[in-house]
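Novice: Compute the structure for the input listed below.
(2 chains)
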Amino acid sequence: MSTGVLLLSMAACGLVTFLIRLSFIAFGQHLPNDPRFTAALRYVPPAILGALIAPEIFALNGSVSLAPDNPRLWAALAALLVARLSRSVLATIAAGMVALWVVQAGLG
Amino acid sequence: MAGLREEFLAGVRAELPLLLGVVPFGMIFGVLGLAAGLPGWAVVLSSSLIFGGSSQVVFAQLWGAGAPPAVSVATVGVVNLRHLLYSAAVAEYLRALPWRWKLLLAYLLTDEAFAAALPRLRDGPATAQRHGFLLGTGLTLWAGWQLSTLAGVLLGAAIPAGWSLDFSIALTFMALLVLSVHRRSEAGAALVAAVVVLPALVLPHKLGLLVAAAVGIAAGLWLRRFERGAA
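Specialist: Residues are numbered from 1 along each chain as shown, chains lettered A, B, ... in the order given. The predicted structure follows:
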């Protein structure tokens, strides 16, 4: 697609993001203060992250594969364990990448 | 009473350790944005136009996969919807500020700037200059994010595909997920969205992510009813 469409798409994404961040800062007194709305917002990050992660592990090259010979599956499990123990983003990335390279070398 | 300058510098100091995690993410995004098919200028520009790490990754992936612009914008909106919570949390501390301050601080209100500034705003002395702290965390993160994205784009071509560096984005998301889950219902929302997204990938216009997130949120709200003491 054209450069113009790309530029406009990014600008629209930026505007939407900016308006979300501005919402309560600028218009707080006009926005609903409903506890159910706040409760639903609480589930947005885990749901989005879950939906972002799964295809990166199970759907490479466009087709879904749940086979146990998938190196990313084992690297993801190792990373999940390190994330729970360390609660560190850097340690999780390091452990997951090393695990992926080890499993890939072992299977290859 | 601390002046604006002191508050700003304290904010900068509070943000610097967080750059340890943000700078590698920015560099990886720079590399990945190119790999997804975005031109280099667009990868760099998205860091100031959109200025939200995970949503920029999602935008690059959707653009690379040929999703319609409307779907890209809607998905980016949902990915960044959590910032409503940040906006609500800082609003009371910024109420008395003029518009230009509100607009500037809203633009800078990212995960890491918010996380580093909230303790000061909430628990520190209620001075008229405390918004300077949020400006300090926000601008520090902004500068770190722009420079690391640029570095990633410049390095991008030099990193071999065999390193599977794209996997580090999924790993970043996994770390953020583990850090953001405090209840079983939140873990349930993530799990349900992860399971639903795989068959939903066949949906047209790359709508799978939005559908899976919606089902995950609904599942979290349903599971929440079984949690004791849930407010």
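
Novice: now what about the worst-scoring helix or strand of chain A on mean pLDDT, what contacts it?
Specialist: Here the helix or strand of chain A ranked lowest by mean pLDDT, DSSP states H and E is helix A:35-42, holding a mean of 82. With C-beta atoms under 8 Å, 6 or more residues apart in numbering or on different chains as the test, helix A:35-42 has contacts from B:81-82, B:84-85, B:88, B:186, B:217, B:220-221, B:224, B:231. Placement of C-beta: from N, CA and C, glycine included.

Novice: how does chain B divide up, domain by domain?
Specialist: Segmentation of chain B into domains, based on automatic domain parsing, reads B:4-165, B:181-231.

Novice: Quick one: closest of those to chain A.
Specialist: domain B:181-231 (3.0 Å; C-beta to the nearest C-beta).

Novice: Quickly check: the longest helix anywhere in chain A near chain B or not.
Specialist: Using DSSP state H, we find that the single longest helix of chain A is helix A:3-27. Yes: Helix A:3-27 comes into contact with chain B (C-beta under 8 Å from any C-beta of the partner chain), by way of A:3, A:5-14, A:16-18, A:20-26.

Novice: Now the buried members of these.
Specialist: Buried members of the residues of helix A:3-27 next to chain B, counted by 16 or more other C-beta atoms under 10 Å in any protein chain shown: A:6, A:9-10, A:12-14, A:16-18, A:20-26.

Novice: Which two of those residues have the greatest separation?
Specialist: Across those, no pair lies farther apart than A:Leu6 and A:Phe24, at 30.7 Å, counting by C-beta to C-beta.

Novice: what is the mean pLDDT for stretch B:31-47?
Specialist: Stretch B:31-47 shows a mean pLDDT of 92.

Novice: make that stretch B:107-119, sorry
Specialist: For stretch B:107-119, the per-residue pLDDT averages 92.

Novice: Could you tell me which residues within it count as buried?
Specialist: Applying 16+ other C-beta under 10 Å to stretch B:107-119 flags B:107-114, B:116-118 as buried.

Novice: circling back to that earlier point, let's have the contacts of helix A:35-42 in CSV, adding pLDDT and secondary structure.
Specialist: CSV is the format used below for those (pLDDT from 0 to 100; DSSP: H, G, I helix; E, B strand; the rest coil):
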residue, pLDDT, secondary structure
B:Leu81, 91, coil
B:Arg82, 87, coil
B:Leu84, 90, helix
B:Leu85, 85, helix
B:Ala88, 89, helix
B:Glu186, 95, helix
B:Ile217, 95, helix
B:Gly220, 96, helix
B:Leu221, 94, helix
B:Arg224, 93, helix
B:Ala231, 50, coil
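
Novice: Quick one, which of those residues are buried?
Specialist: Members of the contacts of helix A:35-42 classed as buried by 16+ other C-beta under 10 Å are B:81-82, B:84-85, B:88, B:186, B:217, B:220-221, B:224.

Novice: separation between the most far-flung residue of chain A relative to its centre and chain B?
Specialist: Each residue of chain A has a distance to the centre, and by C-alpha atoms, centre = their mean the biggest one is for A:Gln29: 31.8 Å. In this view, A:Gln29 and chain B are 9 Å apart by C-beta to the nearest C-beta, to the nearest Å.

Novice: In the longest helix along chain B, which residues are buried?
Specialist: Longest helix in chain B by number of residues (criterion: DSSP H): helix B:131-156. Across helix B:131-156, burial judged by 16+ other C-beta under 10 Å covers B:131-142, B:144-145, B:148-150, B:152-153, B:156.

Novice: go on, stretch A:56-66?
Specialist: A:56-59.

Novice: Which single one of those is nearest to B:Gly162?
Specialist: B:Gly162 lies nearest to A:Glu56 out of the buried residues of stretch A:56-66, by C-beta to C-beta, at 17.3 Å.

Novice: Can you get me a residue count around B:Gly3?
Specialist: Other residues within reach of B:Gly3, judged by other C-beta atoms under 10 Å in any protein chain shown, total 12.

Novice: residue contacts, it?
Specialist: B:Gly3 neighbours (C-beta under 8 Å, 6+ apart): B:129, B:132.

Novice: So which residue is dead centre in chain A?
Specialist: A:Leu49 (3.8 Å).

Novice: Just confirm that residue contacts B:Val178, I think it does.
Specialist: No: applying C-beta atoms under 8 Å as the test, A:Leu49 and B:Val178 come out as separate, 9.4 Å apart.

Novice: Torsion angles phi and psi at B:Ala157?
Specialist: phi -70, psi -20 (degrees, to the nearest 10).

Novice: just checking, it touches B:Leu34?
Specialist: Yes: counting by C-beta under 8 Å, B:Leu34 is a contact partner of B:Ala157 at 7.3 Å.

Novice: Pick out whichever of the two has more residues nearby.
Specialist: Taking neighbours as other C-beta under 10 Å, B:Ala157 and B:Leu34 compare with B:Leu34 leading, 20 against 10.

Novice: where's that one, which helix or strand?
Specialist: Assigned by DSSP states H and E, B:Leu34 falls within helix B:19-35.

Novice: May I see the buried residues of that helix?
Specialist: Buried residues in helix B:19-35, counting neighbours by 16+ other C-beta under 10 Å, are found at B:19, B:21-35.

Novice: Repeat that for stretch A:85-102.
Specialist: So, applying 16+ other C-beta under 10 Å, buried residues of stretch A:85-102: A:88-89, A:92-97, A:99-101.
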